[in-house]
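Undergrad: my questions concern the predicted model and sequence given below.
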There are 2 protein chains.
Amino acid sequence: MTRPLSIAVAGLGTVGAGVLTLLRDNAELIAARAGRPIIVTAVAARDRNRDRGVSLEGLRWYEDPVAMAAEARADVVVELIGGSDGPARHAVEAALNAGRPVVTANKALLALHGAALAQKAEAAGVTLAFEAAVAGGIPAIKALREGLAANRIGRVTGILNGTCNYILTCMRDQKREFGDVLAEAQRLGYAEADPSFDIDGVDAAHKLAILAALAFGRPVEFDAVHVEGIRNITALDIALAEELGFRIKLLGIAQQEEAGVAARVHPCMVPASHPIARVDGVFNAVVAEGDFVGRVVLEGRGAGAGPTASAVVADLIDIARERHTPVWGADHAALSAVPALPMASHHGAYYLRLMVLDRPGVIADVTGVLRDHGISLESMIQRGRAPGEAVPVVLTTHGCQEAAMRDALKRIAALEAVLEPPALIRIETL
Amino acid sequence: MTRPLSIAVAGLGTVGAGVLTLLRDNAELIAARAGRPIIVTAVAARDRNRDRGVSLEGLRWYEDPVAMAAEARADVVVELIGGSDGPARHAVEAALNAGRPVVTANKALLALHGAALAQKAEAAGVTLAFEAAVAGGIPAIKALREGLAANRIGRVTGILNGTCNYILTCMRDQKREFGDVLAEAQRLGYAEADPSFDIDGVDAAHKLAILAALAFGRPVEFDAVHVEGIRNITALDIALAEELGFRIKLLGIAQQEEAGVAARVHPCMVPASHPIARVDGVFNAVVAEGDFVGRVVLEGRGAGAGPTASAVVADLIDIARERHTPVWGADHAALSAVPALPMASHHGAYYLRLMVLDRPGVIADVTGVLRDHGISLESMIQRGRAPGEAVPVVLTTHGCQEAAMRDALKRIAALEAVLEPPALIRIETL
């Protein structure tokens, strides 16, 4: 058997401990598939004495992950610190500068600095692997970048944040409000104490930016992703969605259009019959549509020590076998330069829910504004009657321009009979 | 850019023409992802003059695929002839003997001769790739063999034959009988004139044998797969399944058990809420369960020129990039030698539907036989009353041994009041 592959692990949180556990528990099987043993020789973390449920005996200990990445006599550096900057970024840069392959689970780092890091890896002629950065244990990176590599991908869609999907699933199943479910998710450890990264869509947007880069063969561009989270989703909208045959999901959608690539993360109404509508709880899903393969759906656990470790070690096995793939699927010189499209140019259908005074003429005012902006109605529902009080009115539109809808919305929100900020959710027929 | 990868294609049927079309249509994108152009230099087929919708100009033409595989100055031989023996097998052997990598879509060949071919490829130090052999365009081979490589796989389950899934879906949606739907599928081209390969489960068993080899890291062993098809499924059983909260699917299931590996293809009752229950029509699905990753579900088109070509060209891109993986995920010496388990030792729950004379004492006789064989009942339904005539009786059991159930079934079938051969369908809770 060939020489073992030695690795230095930076960061020993949940995921780091999971990687060490997996490499220990399945060592024999991993050696068979990798063609040689994969052994940890060095680790870097802040607290040496914390019990991580896995032995660190015989491993070289570093307090400074950057020093480890630069100097450790390891074949590969595994970065599991997290965060788009600081030690994670410096450790990855140090490893690449030293000509050492890197495996990372860090979506924020990839989304924000991936373009530069990919060029650094290419210049050094080493692998920068990140299967664990998107959709946890689902081999989505490998599927898009290798399995479907022969296809022109038209669209990639994903449920990319388990916390949001869990909250939306609970809200629907238990008919509860967002704040209530979020508080419970925090108590149960499914949501962070500061949940904004998840629920405002930022985490999903990091992952979508990476998927879009792979799908369309272009350098990652996080700033081009339109981002909205799920804070404003109400139990009422979820119930109304069901009535209309839809489910509300936080989706990331990246699409190749004539003029360029559009990437957006926001709550969507999706047909209840679409496979992605039935991906519930903490599960993630990625749907890729290719010109020859058609629609491929991948579903699995998007987070947690086990699934993330599974993805990290898959990358290590690739490196042990010397299976190399350029970061965005092609060398820098062969990447596409199609522009990113702004959200204002998005074209789609909308769900609009208003709380209006139940009095004659209100609907006429609202529909008049839509008409003025060239927006054509598909349906209108007014549930219940309560003369002189607030009642919900739901409008769904045919396809129209986002910019026109935003202008219309401003005027509608300003109508005297419209009592709350309108709820706007995009309808995706997929 | 590096030297192009030249390929010789044996077999220009639907899939062969699809591969040529894909290589032509997406040539630029494929070259970027492969790191170099992939060009066809030679083809072998019987009829030179048939219109295949793609130009063969400038390609060296062979009548004999074996001669082409042995002598063509191509980097890779692509075998798309089909069939477990004859020219397909000889062409693949000739290519491997000549030290040439092979890409094939041929599940029958792999299932029956894959163990020997894998050793031949390993001895020659070349790739034998077959992503297209299982589940069409779904990158299932890559997912199992690379993406989930760090996991001990407990079970792999698949809807592996689109024809069967299409027929079962139509039977359920349209409440029609098997023979009727099959005849229509044949008219529409969804089923072959001789459909036995598909509907008797043989095609699915070929694919399951391959998946089992990959999942459990052992040489393929087709003879160890228990095979039953869907000929005996009736509209009545499908309706009764719905009533019990199940769907009937033809599944391939390979499972690691304490004593060895069990692999079986047969109609199953699966909970309507399980993701695999909702994979309808010609779609295929593969579900893998790993000890660290949990459950991963892959879904997509399992057949057709486009999806199959997508998988074939993905393999070619891997070869162009020099990404090599041993046939069963590990070198021959590192493969597992766990034994295959016979179906008689299967343990599971059963659905049993009898047509019995509606008269007192019949149920007592039937349940008495089950008791005698130590089989415990979970439920019993007798629908309708028609004294002196045939009525359906449905029994579901708790888990029991297949051998005991078969013995009991023989005695039940011999009861005077049991008017037709009993229908037996295994219940899978998955």
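TA: It's in. Residues are numbered from 1 along each chain as shown, chains lettered A, B, ... in the order given.
Undergrad: distance from stretch A:395-410 to the middle of the chain?
TA: Offset of stretch A:395-410 from its chain centre (CA atoms, centre = their mean, to the nearest Å): 26 Å.
Undergrad: name the residues of the stretch 301-430 of chain A found near chain B, please.
TA: Residues of the stretch 301-430 of chain A lying close to chain B by CB under 8 Å from any CB of the partner chain are A:301, A:306-307, A:309-311, A:313-314, A:316-318, A:321-326, A:329-331, A:334-335. All C-beta spots, glycine's among them, are computed from the backbone N, C-alpha and C.
Undergrad: mind giving me the PyMOL command for buried ones among those residues?
TA: Of those, the buried ones go into a single PyMOL selection, burial set by 16 or more other CB atoms under 10 Å in any protein chain shown:
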select buried, chain A and resi 301+306+307+309+310+311+313+314+316+317+318+321+323+324+325+326+329+330+334+335
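Undergrad: so which bits of the stretch 101-250 of chain A are right by chain B?
TA: So the stretch 101-250 of chain A meets chain B at A:131, A:137-139, A:142-143, A:145-152, A:217 (CB under 8 Å from any CB).
Undergrad: for A:Ile167, give its distance to A:Gly245.
TA: 22 Å (CB to CB, to the nearest Å).
Undergrad: using CSV, write down the CA coordinates of the strand or helix carrying A:Glu289.
TA: For A:Glu289, the host element (DSSP states H and E) is strand A:283-290. Output of strand A:283-290 as CSV, limited to C-alpha atoms (Å, rounded to 0.1, in the frame of the first residue of the first chain):
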residue,chain,number,x,y,z
PHE,A,283,-33.4,18.2,5.0
ASN,A,284,-31.8,20.0,2.1
ALA,A,285,-32.3,19.4,-1.6
VAL,A,286,-30.6,20.5,-4.8
VAL,A,287,-32.3,20.3,-8.1
ALA,A,288,-30.3,20.6,-11.3
GLU,A,289,-31.7,20.9,-14.8
GLY,A,290,-29.4,20.0,-17.6
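Undergrad: list the strands paired with that strand, with their directions.
TA: strand A:153-159 (antiparallel), strand A:294-301 (antiparallel) (DSSP bridges).
Undergrad: quick one on the thing from earlier: which of A:Ile167 and A:Gly245 has more neighbours?
TA: Between A:Ile167 and A:Gly245, counted using other CB atoms under 10 Å in any protein chain shown, A:Ile167 has the larger neighbour count: 26 against 12.
Undergrad: wait, that one sits on A:Leu188?
TA: No - contact criterion CB atoms under 8 Å: A:Ile167 and A:Leu188 do not qualify, at 11.2 Å.
Undergrad: give the buried residues for the longest helix anywhere in chain A.
TA: Looking across chain A with DSSP state H, the single longest helix is helix A:107-124. Neighbour-count burial for helix A:107-124, counted by 16+ other CB under 10 Å, picks out A:107-115, A:117-118, A:120-122, A:124.
Undergrad: ok, residues contacting the strand holding A:Glu289?
TA: Contact with strand A:283-290 is made by A:134-136, A:138, A:140, A:143-144, A:148, A:150-162, A:165, A:211, A:215, A:275-276, A:279, A:295-303, A:430, B:137, B:310, as judged by CB atoms under 8 Å, 6 or more residues apart in numbering or on different chains.
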